[in-house]
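Peer 1: Mind looking at a prediction? Sequence and model below.
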Amino acid sequence: MAPRKKSKAVDERATHVRHLLAVDAANVIERLVTRQQEMVALFSRRRDRTPMLEAVRSWFLSITFAELSLLPPAEQKAVSLFYELLDELRWYLQYTEDMPTQVLQKVALYVGRLETCHRQLVAAIGPSSADGVAVVEARVVRRSAG
């Protein structure tokens, strides 16, 4: 018996899931890279973990099993590795008793590991591909009244 072909709708939904995961992961990496110094400095001054936890905020927590099941196993594994590591960092930031200097060092290590996992994720599912709407260059031509 031949394997069933995936429908075009399933393939399209999987493409959308890949794209959203790629966008989310890229956003998390960007926030962590640009905010790691400041978020730890705010934690040091205010003893408030909110800036650190906001930097690791992700849409992934709202994705469903049904959506992830649209992806092939190799892609699921790459997604899992990235988001499990992100969850480790989130847990650490939520519950650490380390002093700010240690937190900053540990965050830097996590960021390096997450960047590696992110590259592997992008290799598996592809980068975010939509850069907005298509731009059409046009020139307004005035018609003369006839």
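Peer 2: Happy to help now that I have it. Being a predicted model, the structure only gives us computed values, none of them experimental.

Peer 1: Tell me who's in contact with the residue nearest the centre of the chain.
Peer 2: Ranked by distance to the mean C-alpha position of the chain (Cα atoms, centre = their mean), the top residue is residue 25 at 1.2 Å. When contacts are counted by Cβ atoms under 8 Å, 6 or more residues apart in numbering, residue 25 is found next to 82, 118, 121-122. (Glycine included, C-beta is placed from N, CA and C.)

Peer 1: What residues of the helix of greatest length in the chain count as buried?
Peer 2: Across the chain, the helix with the greatest residue count (assigned by DSSP state H) is helix 8-46. With burial defined by 16 or more other Cβ atoms under 10 Å, the residues of helix 8-46 counted as buried are 14, 17-19, 21-22, 24-25, 28-29, 31-32, 35-36, 39-40, 42-43.

Peer 1: Ok, stretch 94-105 next?
Peer 2: Of the residues in stretch 94-105, those buried by neighbour count under the rule 16+ other Cβ under 10 Å are 96, 103-104.

Peer 1: Which of these sits closest to residue 71?
Peer 2: Each of the buried residues of stretch 94-105 was checked against residue 71 using Cβ to Cβ; the closest is residue 96, at 32.5 Å.

Peer 1: Without its sequence neighbours, what residue ends up closest to that closest one?
Peer 2: Closest residue to residue 96 in three dimensions, ignoring its sequence neighbours and counting by Cβ to Cβ, 6 or more residues apart in numbering: residue 103, at 6.1 Å.

Peer 1: Could I get the buried residue list for the helix or strand containing residue 81?
Peer 2: For residue 81, the enclosing helix or strand under DSSP states H and E is helix 73-95. Along helix 73-95, the positions that meet the burial threshold by neighbour count (16+ other Cβ under 10 Å) are 75, 78-79, 82-83, 85-86, 89-90, 92-93.

Peer 1: ok so, going back, there's contact between the residue nearest to residue 96 and residue 42 in this structure, I believe.
Peer 2: No: the pair residue 103 and residue 42 does not pass the contact test of Cβ atoms under 8 Å, sitting 11.2 Å apart.

Peer 1: Need the overlap of contacts for these two.
Peer 2: If you check residue 103 and residue 42 against Cβ under 8 Å, 6+ apart, the residues they both contact are residue 52.
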